[in-house]
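Asker: Give me a 3D structure for the following:
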Amino acid sequence: MVTRVLVTGAAGRIGRAVLALLAERGVEANALVLDDPGDLGRLGARLVVTGDAADPETVRRSLDGADAVVHLAAIPTPERNTPQEVFSGNTLATFSVLEEAGRAGVRHVALASSWGVTGLPWTGDPAPHPPYVPVDAAMPGQVEDPYGLSKQVDEVTAAMMARRHAMSVVCLRYPYVGGFEERLRAHAALVTEQPADGARDLWTYLEVGDAARAALLALRVTQPGAHVVHVCAPEILVPFPTEELMRRFHPTTRVLRPLPGRTAPVDTAAARRLFGFTAERLIDG
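Answerer: Okay, the predicted model is just below:
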């Protein structure tokens, strides 16, 4: 049973939700952040360490007493930093966190991967299409950007570290994440008005509380290895039939099975099977 969790990137959107959920469940938490916003203790962090997740000594200090890790620290897009900063920062942070966690005896890690590994969000193609839907973890990527590449490398690093330290590392391919009042409703309104703006994400989303719950459920996986899963809400963000959207915006994509109504064109069965996750917080709920 997990008793204390290190949350890297704890000041971010998902990180704060993870801290709050740990506190609600009575599980102690350590926080690793680049800059301390000053309120993480109120969210439940017992220890707040400030520094770079790529630095082994900083990671070692932040692991004090932890028996599990939720690794969220990353530069989240390729748009505001240099390509070198995005790729090297993200991949070295993941390597350092997993290596130091393994050396400290941690055997349960949830790692934030991303829809970005598909390559669809930031490819230079003005209208990229997935080869098939529902998208699954086996689908070949179309990555042309340093962020998507960094997340691909993170998943390979997870597989190596799982072998090296006999760890369970669950790589959660998060889609567009936010709170309903914070950003999801505004994004839904924008994409409903201009459905093309959601085509790269296949109109998928995940509410931030569900994103946090998925991370904590992933820590229950006992089978060693790297487990790559997609997580998203079961229905798309916009009030249009999924198959109609696919025909309109992804005409060359093969639809492998029926997608009735607003069914999300992403296969989340692996997350249900591996750790029992199904999104519960829906925009229409």
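Asker: What is the burial count for the nearest residue to residue 155 once chain neighbours are set aside?
Answerer: The shortest distance from residue 155 to any non-neighbouring residue, by CB to CB, 6 or more residues apart in numbering, is to residue 171 (5.0 Å). (Each C-beta comes from the backbone N, C-alpha and C, glycine too.) Residue 171 has 28 neighbouring residues, counting by other CB atoms under 10 Å.
Asker: Just list whatever residues bridge to residue 28.
Answerer: Note on residue 28: beta-bridge partners residue 4, judged by DSSP bridges.
Asker: what's near enough to touch it?
Answerer: 3-5, 22, 44, 46, 65 (CB atoms under 8 Å, 6 or more residues apart in numbering).
Asker: What confidence value was assigned to it?
Answerer: What the model reports as pLDDT for residue 28 is 98.
Asker: Could you check how far it is from residue 111?
Answerer: The gap separating residue 28 from residue 111 is 20 Å, by CB to CB, to the nearest Å.
Asker: Closest one to residue 160 out of the contacts of residue 28, please.
Answerer: Nearest to residue 160 among the contacts of residue 28: residue 5, at 22.5 Å, using CB to CB.
Asker: Report the spatially closest residue to the closest one, excluding sequence-adjacent ones.
Answerer: Residue 5 sits nearest to residue 68 (CB to CB, 6+ apart), 4.8 Å away.
Asker: correct me, but the one you found touches residue 219?
Answerer: Yes. Contact criterion CB atoms under 8 Å: residue 68 and residue 219 qualify, at 4.8 Å.
Asker: what residues are shared contacts of those two?
Answerer: Common neighbours of residue 68 and residue 219 (CB under 8 Å, 6+ apart) are 2, 5, 108-110.
Asker: Quick check: which of the residues you listed has the minimum pLDDT.
Answerer: Among the shared contacts of residue 68 and residue 219, residue 2 carries the lowest pLDDT, at 95.
Asker: Now do the contacts for that residue.
Answerer: Residues in contact with residue 2 (CB under 8 Å, 6+ apart) are 27, 67-68, 108, 219-220.
Asker: Turn these into a markdown table, columns for secondary structure.
Answerer: Below are the contacts of residue 2 laid out as a markdown table (DSSP: H, G, I helix; E, B strand; the rest coil):
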| residue | secondary structure |
| --- | --- |
| 27 | coil |
| 67 | coil |
| 68 | strand |
| 108 | strand |
| 219 | coil |
| 220 | coil |
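Asker: can you give me the strands in the protein?
Answerer: Per DSSP state E, the chain carries strands over the ranges 4-8, 28-33, 45-50, 68-71, 108-114, 132-133, 168-174, 177-178, 206-207, 225-230, 254-255.
Asker: Separate out the buried members of the contacts of residue 28.
Answerer: Using 16 or more other CB atoms under 10 Å as the burial test, the contacts of residue 28 include 4-5, 22, 44 as buried.
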